[in-house]
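In: have a look at this fold, sequence not included:
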Ligand code: SAH
(Lines give C-alpha, C1' and ligand atoms only; values in the text may rest on other atoms or scores of the structure.)
Protein backbone atom coordinates (compact mmCIF):
# COMPACT_ATOMS: atom_id res chain seq x y z
CA UNK A 1 0.00 0.00 0.00
CA UNK A 2 1.15 3.52 -0.72
CA UNK A 3 1.93 6.21 1.77
CA UNK A 4 -0.39 9.19 1.93
CA UNK A 5 0.70 10.83 -1.31
CA UNK A 6 2.34 8.42 -3.74
CA UNK A 7 -0.74 6.49 -4.86
CA UNK A 8 0.34 6.79 -8.48
CA UNK A 9 3.51 4.80 -7.75
CA UNK A 10 1.30 1.80 -6.90
CA UNK A 11 -0.40 1.79 -10.28
CA UNK A 12 1.47 -1.13 -11.83
CA UNK A 13 1.67 -1.70 -15.59
CA UNK A 14 -0.61 -4.57 -16.55
CA UNK A 15 -3.15 -3.81 -13.82
CA UNK A 16 -6.65 -2.33 -13.75
CA UNK A 17 -7.85 0.23 -11.24
CA UNK A 18 -11.61 0.40 -10.86
CA UNK A 19 -12.08 3.93 -9.68
CA UNK A 20 -15.17 5.81 -8.50
CA UNK A 21 -15.32 9.34 -9.88
CA UNK A 22 -18.04 10.60 -7.53
CA UNK A 23 -21.36 12.11 -8.59
CA UNK A 24 -19.91 14.61 -11.05
CA UNK A 25 -18.27 17.62 -9.40
CA UNK A 26 -14.51 17.29 -9.90
CA UNK A 27 -13.97 18.42 -6.30
CA UNK A 28 -15.52 15.15 -5.14
CA UNK A 29 -12.79 12.99 -6.66
CA UNK A 30 -10.51 11.24 -4.21
CA UNK A 31 -6.77 11.96 -4.18
CA UNK A 32 -6.32 8.39 -5.37
CA UNK A 33 -8.62 8.94 -8.36
CA UNK A 34 -6.74 12.10 -9.22
CA UNK A 35 -3.38 10.29 -9.08
CA UNK A 36 -4.77 7.50 -11.25
CA UNK A 37 -5.88 10.03 -13.86
CA UNK A 38 -2.29 11.31 -14.02
CA UNK A 39 -0.65 7.87 -14.15
CA UNK A 40 -2.99 5.87 -16.41
CA UNK A 41 -1.93 4.69 -19.85
CA UNK A 42 -5.57 4.45 -20.90
CA UNK A 43 -8.90 5.54 -19.42
CA UNK A 44 -12.03 3.48 -19.99
CA UNK A 45 -14.91 5.62 -18.75
CA UNK A 46 -18.66 5.46 -18.22
CA UNK A 47 -21.50 7.69 -19.37
CA UNK A 48 -21.74 9.52 -16.05
CA UNK A 49 -18.10 10.60 -15.94
CA UNK A 50 -18.03 14.22 -17.11
CA UNK A 51 -15.56 16.17 -19.23
CA UNK A 52 -14.32 18.25 -16.27
CA UNK A 53 -13.01 15.07 -14.68
CA UNK A 54 -11.52 13.61 -17.86
CA UNK A 55 -9.80 16.96 -18.43
CA UNK A 56 -7.68 16.29 -15.33
CA UNK A 57 -5.78 13.57 -17.23
CA UNK A 58 -2.92 14.54 -19.56
CA UNK A 59 -4.32 15.45 -22.96
CA UNK A 60 -2.41 12.67 -24.72
CA UNK A 61 -3.81 9.86 -22.52
CA UNK A 62 -6.14 7.78 -24.71
CA UNK A 63 -9.76 7.51 -23.56
CA UNK A 64 -12.35 4.92 -24.46
CA UNK A 65 -16.04 5.37 -23.86
CA UNK A 66 -17.73 2.32 -22.40
CA UNK A 67 -20.95 3.95 -21.33
CA UNK A 68 -24.13 2.07 -20.76
CA UNK A 69 -27.30 4.08 -21.08
CA UNK A 70 -30.82 2.66 -21.04
CA UNK A 71 -32.39 2.64 -24.49
CA UNK A 72 -29.24 3.55 -26.45
CA UNK A 73 -26.83 1.15 -28.12
CA UNK A 74 -24.02 0.51 -25.68
CA UNK A 75 -21.21 -2.00 -25.26
CA UNK A 76 -22.20 -5.25 -23.59
CA UNK A 77 -20.89 -5.73 -20.07
CA UNK A 78 -18.91 -8.80 -21.15
CA UNK A 79 -17.26 -6.77 -23.93
CA UNK A 80 -16.20 -4.08 -21.46
CA UNK A 81 -14.66 -6.63 -19.12
CA UNK A 82 -12.86 -8.37 -22.01
CA UNK A 83 -11.51 -5.03 -23.20
CA UNK A 84 -10.11 -4.31 -19.72
CA UNK A 85 -8.38 -7.70 -19.72
CA UNK A 86 -6.99 -7.16 -23.21
CA UNK A 87 -5.58 -3.72 -22.32
CA UNK A 88 -4.03 -5.00 -19.08
CA UNK A 89 -2.42 -7.89 -20.96
CA UNK A 90 -0.82 -5.33 -23.26
CA UNK A 91 1.01 -4.14 -20.14
CA UNK A 92 -1.01 -0.93 -19.73
CA UNK A 93 -2.07 0.82 -16.56
CA UNK A 94 -5.81 0.67 -17.17
CA UNK A 95 -8.01 3.19 -15.39
CA UNK A 96 -11.62 2.01 -15.36
CA UNK A 97 -13.43 5.16 -14.31
CA UNK A 98 -17.01 4.83 -13.13
CA UNK A 99 -19.60 7.29 -11.81
CA UNK A 100 -20.09 7.51 -8.05
CA UNK A 101 -18.72 4.46 -6.26
CA UNK A 102 -17.79 1.43 -8.38
CA UNK A 103 -19.45 -0.99 -5.96
CA UNK A 104 -22.78 0.83 -5.68
CA UNK A 105 -25.17 -0.16 -8.50
CA UNK A 106 -22.23 0.22 -10.84
CA UNK A 107 -21.33 -3.33 -11.88
CA UNK A 108 -17.88 -2.82 -10.38
CA UNK A 109 -18.17 -6.18 -8.67
CA UNK A 110 -18.98 -7.92 -11.94
CA UNK A 111 -16.06 -6.31 -13.74
CA UNK A 112 -13.63 -7.06 -10.92
CA UNK A 113 -14.67 -10.72 -10.78
CA UNK A 114 -13.97 -11.06 -14.49
CA UNK A 115 -10.49 -9.67 -13.83
CA UNK A 116 -10.00 -12.20 -11.05
CA UNK A 117 -11.00 -15.03 -13.39
CA UNK A 118 -8.46 -13.76 -15.94
CA UNK A 119 -5.73 -13.36 -13.34
CA UNK A 120 -5.41 -9.61 -13.93
CA UNK A 121 -4.28 -7.64 -10.86
CA UNK A 122 -6.68 -4.88 -9.87
CA UNK A 123 -7.48 -2.32 -7.22
CA UNK A 124 -10.82 -0.89 -6.12
CA UNK A 125 -10.77 2.84 -5.41
CA UNK A 126 -14.02 3.86 -3.72
CA UNK A 127 -15.82 7.02 -4.75
CA UNK A 128 -18.56 9.19 -3.30
CA UNK A 129 -21.84 7.65 -4.33
CA UNK A 130 -24.54 9.87 -5.85
CA UNK A 131 -27.04 8.85 -3.18
CA UNK A 132 -24.84 10.38 -0.48
CA UNK A 133 -22.71 13.11 -2.07
CA UNK A 134 -25.37 14.12 -4.58
CA UNK A 135 -27.99 14.52 -1.87
CA UNK A 136 -25.52 16.50 0.26
CA UNK A 137 -25.22 18.98 -2.62
CA UNK A 138 -29.00 19.34 -2.50
CA UNK A 139 -28.91 19.96 1.26
CA UNK A 140 -30.41 16.59 2.20
CA UNK A 141 -28.63 14.59 4.92
CA UNK A 142 -29.06 10.81 4.87
CA UNK A 143 -29.56 10.69 8.60
CA UNK A 144 -30.63 13.09 11.31
CA UNK A 145 -31.38 11.90 14.81
CA UNK A 146 -34.90 13.39 14.70
CA UNK A 147 -35.91 11.73 11.44
CA UNK A 148 -34.29 8.34 10.91
CA UNK A 149 -31.90 5.73 12.23
CA UNK A 150 -31.78 3.72 9.02
CA UNK A 151 -31.45 4.31 5.31
CA UNK A 152 -32.29 2.00 2.46
CA UNK A 153 -30.62 2.44 -0.91
CA UNK A 154 -32.48 0.81 -3.75
CA UNK A 155 -32.23 0.58 -7.49
CA UNK A 156 -35.47 1.25 -9.33
CA UNK A 157 -34.30 -1.16 -12.02
CA UNK A 158 -33.18 -4.67 -11.29
CA UNK A 159 -31.15 -6.76 -13.72
CA UNK A 160 -34.31 -7.45 -15.75
CA UNK A 161 -35.15 -3.76 -16.08
CA UNK A 162 -38.09 -3.69 -13.72
CA UNK A 163 -38.85 -3.44 -10.02
CA UNK A 164 -39.94 -6.95 -9.16
CA UNK A 165 -36.70 -7.89 -7.39
CA UNK A 166 -37.40 -5.63 -4.40
CA UNK A 167 -39.75 -6.45 -1.51
CA UNK A 168 -41.43 -3.01 -1.47
CA UNK A 169 -43.67 -3.98 1.43
CA UNK A 170 -40.65 -4.75 3.60
CA UNK A 171 -38.80 -1.67 2.37
CA UNK A 172 -41.78 0.58 3.18
CA UNK A 173 -41.96 -0.74 6.74
CA UNK A 174 -38.25 -1.14 7.36
CA UNK A 175 -36.71 2.22 6.69
CA UNK A 176 -37.91 5.78 7.24
CA UNK A 177 -35.49 7.13 4.62
CA UNK A 178 -35.29 5.70 1.11
CA UNK A 179 -32.75 6.64 -1.53
CA UNK A 180 -33.55 5.43 -5.02
CA UNK A 181 -31.17 5.16 -7.95
CA UNK A 182 -32.36 4.70 -11.54
CA UNK A 183 -35.95 5.13 -10.43
CA UNK A 184 -37.36 7.79 -12.76
CA UNK A 185 -38.84 5.34 -15.26
CA UNK A 186 -40.69 3.31 -12.63
CA UNK A 187 -41.47 6.02 -10.08
CA UNK A 188 -45.24 5.67 -10.57
CA UNK A 189 -45.21 1.95 -9.79
CA UNK A 190 -42.77 2.40 -6.93
CA UNK A 191 -44.74 5.13 -5.17
CA UNK A 192 -47.96 3.15 -5.56
CA UNK A 193 -46.35 0.12 -3.92
CA UNK A 194 -44.97 2.22 -1.06
CA UNK A 195 -48.33 3.91 -0.43
CA UNK A 196 -50.11 0.54 -0.59
CA UNK A 197 -47.65 -0.69 2.05
CA UNK A 198 -48.60 2.16 4.38
CA UNK A 199 -46.35 5.11 3.56
CA UNK A 200 -48.34 8.36 3.57
CA UNK A 201 -49.06 9.91 0.17
CA UNK A 202 -48.04 13.24 1.72
CA UNK A 203 -44.54 12.00 2.55
CA UNK A 204 -41.89 14.39 1.21
CA UNK A 205 -39.89 13.42 -1.88
CA UNK A 206 -36.96 15.15 -3.55
CA UNK A 207 -35.77 14.34 -7.04
CA UNK A 208 -32.22 15.54 -7.54
CA UNK A 209 -31.07 15.61 -11.16
CA UNK A 210 -27.43 16.03 -12.22
CA UNK A 211 -26.48 16.31 -8.57
CA UNK A 212 -23.32 18.32 -7.79
CA UNK A 213 -23.04 19.59 -11.38
CA UNK A 214 -23.73 23.18 -12.51
CA UNK A 215 -26.98 21.99 -14.16
CA UNK A 216 -28.24 20.33 -10.95
CA UNK A 217 -31.95 20.72 -10.31
CA UNK A 218 -34.12 19.67 -7.39
CA UNK A 219 -37.82 18.91 -7.58
CA UNK A 220 -39.58 18.74 -4.23
CA UNK A 221 -42.85 16.82 -4.28
CA UNK A 222 -44.69 14.12 -2.32
CA UNK A 223 -45.03 10.38 -2.69
CA UNK A 224 -48.55 10.80 -4.03
CA UNK A 225 -47.59 13.45 -6.59
CA UNK A 226 -44.09 12.29 -7.54
CA UNK A 227 -44.94 10.54 -10.82
CA UNK A 228 -47.15 13.39 -12.10
CA UNK A 229 -44.66 16.08 -11.08
CA UNK A 230 -41.73 14.23 -12.64
CA UNK A 231 -43.65 13.99 -15.89
CA UNK A 232 -44.88 17.59 -15.73
CA UNK A 233 -41.37 18.94 -15.15
CA UNK A 234 -39.93 16.57 -17.75
CA UNK A 235 -37.31 15.26 -15.30
CA UNK A 236 -34.67 13.16 -17.04
CA UNK A 237 -31.99 10.85 -15.61
CA UNK A 238 -29.55 10.82 -13.99
CA UNK A 239 -31.59 11.50 -10.89
CA UNK A 240 -31.58 10.40 -7.28
CA UNK A 241 -34.90 10.18 -5.47
CA UNK A 242 -34.97 10.75 -1.70
CA UNK A 243 -38.10 9.78 0.20
CA UNK A 244 -38.81 10.57 3.84
CA UNK A 245 -38.66 13.27 6.50
CA UNK A 246 -34.98 13.86 5.64
CA UNK A 247 -36.26 15.82 2.65
CA UNK A 248 -37.84 18.41 4.99
CA UNK A 249 -34.39 19.27 6.29
CA UNK A 250 -33.56 20.77 2.92
CA UNK A 251 -35.35 24.02 3.76
CA UNK A 252 -32.74 24.44 6.48
CA UNK A 253 -29.71 22.90 4.83
CA UNK A 254 -29.79 24.01 1.21
CA UNK A 255 -26.34 25.56 1.44
CA UNK A 256 -26.07 26.04 -2.32
CA UNK A 257 -29.37 27.91 -2.35
CA UNK A 258 -28.17 30.01 0.58
CA UNK A 259 -25.08 30.92 -1.41
CA UNK A 260 -27.38 32.51 -3.98
CA UNK A 261 -29.60 34.32 -1.50
CA UNK A 262 -32.16 31.77 -0.25
CA UNK A 263 -33.05 32.32 3.39
CA UNK A 264 -32.60 29.11 5.35
CA UNK A 265 -35.18 27.86 7.84
CA UNK A 266 -33.42 27.14 11.17
CA UNK A 267 -36.13 24.76 12.40
CA UNK A 268 -37.20 22.80 9.31
CA UNK A 269 -38.76 19.94 11.31
CA UNK A 270 -40.75 22.43 13.41
CA UNK A 271 -39.49 20.93 16.64
CA UNK A 272 -39.20 24.29 18.33
CA UNK A 273 -35.75 23.35 19.53
CA UNK A 274 -33.36 26.24 19.81
CA UNK A 275 -29.88 24.81 20.29
CA UNK A 276 -28.41 28.29 20.60
CA UNK A 277 -29.99 28.58 24.07
CA UNK A 278 -28.60 25.30 25.35
CA UNK A 279 -25.55 25.67 27.47
CA UNK A 280 -24.73 22.12 28.38
N1 LIG B 1 -22.13 3.86 -9.10
C2 LIG B 1 -22.98 5.03 -9.15
C3 LIG B 1 -24.40 4.67 -9.52
C4 LIG B 1 -24.53 4.12 -10.93
S5 LIG B 1 -26.17 3.79 -11.38
C6 LIG B 1 -22.93 5.75 -7.79
O7 LIG B 1 -22.40 5.21 -6.83
O8 LIG B 1 -23.42 6.88 -7.71
C9 LIG B 1 -26.62 5.28 -12.20
C10 LIG B 1 -27.61 6.05 -11.36
O11 LIG B 1 -26.92 6.76 -10.33
C12 LIG B 1 -28.37 7.12 -12.11
O13 LIG B 1 -29.46 6.58 -12.82
C14 LIG B 1 -28.82 7.99 -10.96
O15 LIG B 1 -29.88 7.40 -10.26
C16 LIG B 1 -27.60 7.95 -10.07
N17 LIG B 1 -26.69 9.07 -10.31
C18 LIG B 1 -25.38 9.00 -10.62
N19 LIG B 1 -24.85 10.23 -10.74
C20 LIG B 1 -25.84 11.11 -10.48
C21 LIG B 1 -25.93 12.53 -10.42
N22 LIG B 1 -24.88 13.32 -10.64
N23 LIG B 1 -27.12 13.09 -10.11
C24 LIG B 1 -28.19 12.32 -9.85
N25 LIG B 1 -28.17 10.98 -9.91
C26 LIG B 1 -27.02 10.38 -10.21
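Out: Arrived safely, thanks for sending. Since the model is a prediction, treat every value here as computed from it, not as a measurement. Numbers count the residues shown, from 1 in each chain.

In: every contact and neighbour count from this point should use C-alpha atoms.
Out: Noted.

In: ok, and the closest non-adjacent residue to residue 206?
Out: Spatial nearest neighbour of residue 206, chain neighbours left out: residue 220 (4.5 Å); criterion: CA to CA, 6 or more residues apart in numbering.

In: what is the helix or strand hosting the one you found packed up against?
Out: According to DSSP states H and E, residue 220 maps onto strand 217-222. Packing partners of strand 217-222 (3 or more CA pairs under 8 Å, 6 or more residues apart in numbering; DSSP states H and E): strand 204-209.

In: buried set for the strand it packs on?
Out: Across strand 204-209, burial judged by 16 or more other CA atoms under 10 Å covers 204, 205, 206, 207, 208, 209.

In: of those residues, list those near the ligand.
Out: 208, 209 (CA under 6 Å from any ligand atom).

In: out of the buried residues of strand 204-209, which comes closest to residue 53?
Out: residue 209 (18.4 Å; CA to CA).

In: tell me where the stretch 51-200 of the chain has helices.
Out: Under the criterion DSSP state H, counting those that start in this stretch, the stretch 51-200 of the chain contains helices at 51-54, 77-89, 108-118, 135-137, 168-174, 187-196.

In: quick one on the thing from earlier: is there contact, residue-wise, from the strand holding residue 220 to the ligand?
Out: No - residues of strand 217-222 are not located near the ligand by CA under 6 Å from any ligand atom, the shortest gap being 9.0 Å.

In: let me know the angle separating that strand from strand 204-209.
Out: 160 degrees (axes from the mean of the first three to the mean of the last three CA atoms, to 10 degrees).

In: in TSV: the buried residues of strand 204-209, plus pLDDT.
Out: Output for these, formatted as TSV (pLDDT from 0 to 100):
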residue	pLDDT
204	98
205	98
206	98
207	98
208	98
209	98
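
In: ok, so of the buried residues of strand 204-209, who is nearest residue 62?
Out: Using CA to CA, those come closest to residue 62 at residue 209, 29.4 Å.

In: first-to-last residue distance for stretch 157-166?
Out: 9 Å (CA to CA, to the nearest Å).

In: count the residues that sit near residue 132.
Out: Close neighbours of residue 132, defined as other CA atoms under 10 Å, add up to 18.

In: mind listing what it touches?
Out: 141, 142 (CA atoms under 8 Å, 6 or more residues apart in numbering).

In: next one, pLDDT for it please.
Out: Note on residue 132: pLDDT of 98.

In: so residue 8: helix, strand or coil?
Out: Using DSSP: H, G, I helix; E, B strand; the rest coil, the structure places residue 8 in helix.

In: contacting residues for it?
Out: 32, 35, 36, 38, 39.

In: so where's the chain shaky on pLDDT?
Out: 1-5, 68-74, 158-162, 274-280 (pLDDT under 70).

In: which positions in this structure make contact with the ligand?
Out: Contact residues (CA under 6 Å from any ligand atom) of the chain with the ligand: 23-24, 99-102, 104-106, 129-130, 134, 181-182, 208-212, 237-240.

In: so which of these are in strands?
Out: Residues of the residues of the chain next to the ligand located in strands (DSSP state E): 181, 208, 209, 239, 240.

In: could I get those as a markdown table with distance to residue 224?
Out: Supplementary listing: these in a markdown table, determined by distance: CA to CA, whole Å:
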| residue | distance to residue 224 |
| --- | --- |
| 181 | 19 |
| 208 | 17 |
| 209 | 19 |
| 239 | 18 |
| 240 | 17 |
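
In: please identify which of the buried residues of strand 204-209 is nearest to residue 77.
Out: residue 209 (25.3 Å).

In: count of residues packed around the closest residue to that closest one other than its chain neighbours?
Out: Distance criterion CA to CA, 6+ apart; nearest residue to residue 209, sequence neighbours excluded, is residue 239 at 4.2 Å. The number of residues packed around residue 239, counting by other CA under 10 Å, is 24.

In: nearest to residue 46, of the buried residues of strand 204-209?
Out: Residue 46 lies nearest to residue 209 out of the buried residues of strand 204-209, by CA to CA, at 17.5 Å.
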